[in-house]
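**Q** no sequence on this one, just coordinates:
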């Protein structure tokens, strides 16, 4: 499965700015993302994090600056997963997760066959014929992520995917997303305002200021996630967390 | 078993209410000594219905044909209008207030004019039915399309869905519950609209049958025709509900799930 998805090279955002009717939301963002990297944007609400995703996924143009993806045009590179699951209530789970393929003209039969093979890993086996409202919040988010993955686009844009979940489900899904990532080998851009979530999952974190958003800190994480013991109490984790919190605080977040 | 129980639970309360009402009615007519030409008892109405069934059913067919055609045209044109108003905000601003205003025009004023313009045959009745059914369908359609979730629309756009796909795979299914609500309101108006259209002038149909019965002081036949009108309307309403169950099974499963949660 991973083989079918083209791998992107470097993603470069150069001097990206965005204003709506004079309201400046993003100011001169310059950043790079490597192939296969997990990069998180963290910042106060309303700081324009989602605007970055909108620009990347082509929902709105940047006012200034450019996005470049090595070896690609911008169409069909980014797979966007909205904050709420946005599953279609009139479609069963199996037909929900094939939406991306279907809209690109792949036959439903072929898309379904592929999706069926992925259900177990996404913890949805046996639920393919259920409607979304029959699933728990955690399962719906997993279905939405499977829909995102099955678009076969090399870069996933996950906009606070666990924001609406209870703490326990959220913790479980964070661990699970780590597993998904190892298996998929895709580049993931992630938005959250949960500092621990950012550190648990990411290779690198960008801290954004309140509007107009600028990068106030770029923090490589490099945590050993395979070691024994609780990672969140390790000295390295505590230190990184303190640095993130300080960066957020200094900007009046 | 569970299904028939559910049906019984739905039908029993209104059934009992109607039975009690009929019993009081019959009792009043029998005890007060009121002349049955003024107020016939329910039993007298049933007798009239049986004795005149040939004539009534013949007229009913005529009314049903008018109601069906008028409704079908209202559905097609109403749906097309809803799509148009959904896609063009300018059209929506231009047409919507006129539509609302048009509803304040009493149909009894329009129906005779239609007869003057189009004659005594079926056409003016179909137009009356069309006029009464059109509005609820357009309004329901416009509201339904507008109810489409914006975040899901963004998801579709991020997947490079074209306008056609967004309409068929997103906006239309989103609007369906609204559209069916509009259709159910419209279908209950359809028969009444046809009867009204016939009442002001026709050769055949329950409306003109009611008028003739009135002129010959056969109030029992008026009640019989009213009863038939009501039963026909309910039957059409149930038909729409059955179609809706077929078209939107997910909607009913969701509703049932919500009800269970409340308990």
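**A** Ah, there it is. Since the model is a prediction, treat every value here as computed from it, not as a measurement.

**Q** gap between the residue of chain B most remote from its centre and chain A?
**A** In terms of distance from the mean C-alpha position of chain B, residue B:158 ranks first, at 40.7 Å (Cα atoms, centre = their mean). Using Cβ to the nearest Cβ, to the nearest Å, residue B:158 is found at 4 Å from chain A. From N, CA and C alone the C-beta is placed, and that goes for glycine too.

**Q** And for residue B:143?
**A** Distance of residue B:143 to chain A, given as Cβ to the nearest Cβ: 17 Å.

**Q** check contacts around that residue.
**A** Counting by Cβ atoms under 8 Å, 6 or more residues apart in numbering or on different chains, residue B:143 makes contact with residue B:178.

**Q** Which of the helices or strands spans it?
**A** Using DSSP states H and E, residue B:143 maps to helix B:122-146.

**Q** buried residues in that helix?
**A** By 16 or more other Cβ atoms under 10 Å in any protein chain shown, the buried positions in helix B:122-146 come out as B:122-145.

**Q** Stretch B:31-48 too?
**A** B:40-42, B:44-46, B:48.

**Q** any residues touching that stretch, and which ones?
**A** The contact list for stretch B:31-48 (Cβ under 8 Å, 6+ apart) reads B:22, B:25-26, B:28-30, B:217-221, B:223-224, B:227.

**Q** Tell me which two of those sit farthest apart.
**A** Comparing all pairs in these by Cβ to Cβ, the longest separation belongs to B:22 and B:217, at 22.8 Å.

**Q** Among those two, which residue is more densely surrounded?
**A** Counted by other Cβ atoms under 10 Å in any protein chain shown, residue B:22 and residue B:217 do not tie: residue B:22 has more neighbours, with 15 against 11.

**Q** Buried residues, the helix or strand that one falls within. List them.
**A** Per DSSP H and E, residue B:22 falls inside helix B:2-32. By neighbour count on 16+ other Cβ under 10 Å, the buried set for helix B:2-32 is B:25, B:29.

**Q** now it: how far from the chain's centre is it?
**A** Relative to its parent chain, helix B:2-32 has a centroid offset of 23 Å by Cα atoms, centre = their mean, to the nearest Å.

**Q** same question, stretch B:165-184
**A** The answer for stretch B:165-184 is 19 Å, by Cα atoms, centre = their mean.

**Q** which parts of chain B sit against chain A?
**A** B:149, B:151-152, B:154-161, B:165, B:169-170, B:173, B:176, B:248, B:250-251, B:253-254, B:257 (Cβ under 8 Å from any Cβ of the partner chain).

**Q** Name only those of these that count as buried.
**A** Neighbour counting with 16+ other Cβ under 10 Å marks B:152, B:154-159, B:161, B:165, B:169-170, B:173, B:176, B:248, B:250-251, B:254 as buried within the residues of chain B next to chain A.

**Q** could you list every residue that touches residue A:85?
**A** Neighbouring residues of residue A:85 by Cβ under 8 Å, 6+ apart: A:132, A:140-141, A:143-144.

**Q** Between which two of those is the distance greatest?
**A** A:132 and A:141 (10.9 Å).

**Q** circling back: surely the residue farthest from the centre of chain B is in contact with residue A:78?
**A** Yes: Residue B:158 lies in contact with residue A:78 (Cβ atoms under 8 Å); the separation is 7.4 Å.

**Q** Just give me the neighbour total for the closest residue in space to residue A:24 that isn't next to it in sequence.
**A** The shortest distance from residue A:24 to any non-neighbouring residue, by Cβ to Cβ, 6 or more residues apart in numbering or on different chains, is to residue A:212 (4.0 Å). Residue A:212 is flanked by 18 other residues according to other Cβ under 10 Å.

**Q** Hmm, residue A:51 and residue A:212 touching each other?
**A** No: under the criterion of Cβ under 8 Å, residue A:212 is not in contact with residue A:51, lying 10.2 Å apart.

**Q** which residues are in contact with both of these two?
**A** With Cβ under 8 Å, 6+ apart, residue A:212 and residue A:51 have common neighbours A:25-26.

**Q** Run through the helices of the chain in chain order.
**A** Unless you meant another one, I'm taking chain A. With DSSP state H as the criterion, chain A has helices at A:49-56, A:93-97, A:99-103, A:108-119, A:137-149, A:167-184, A:195-201, A:235-250.

**Q** Oops, wrong one, chain B.
**A** Counting by DSSP H, the helices of chain B are B:2-32, B:42-51, B:53-87, B:89-102, B:107-118, B:122-146, B:150-158, B:163-166, B:172-199, B:206-215, B:219-247, B:249-262.
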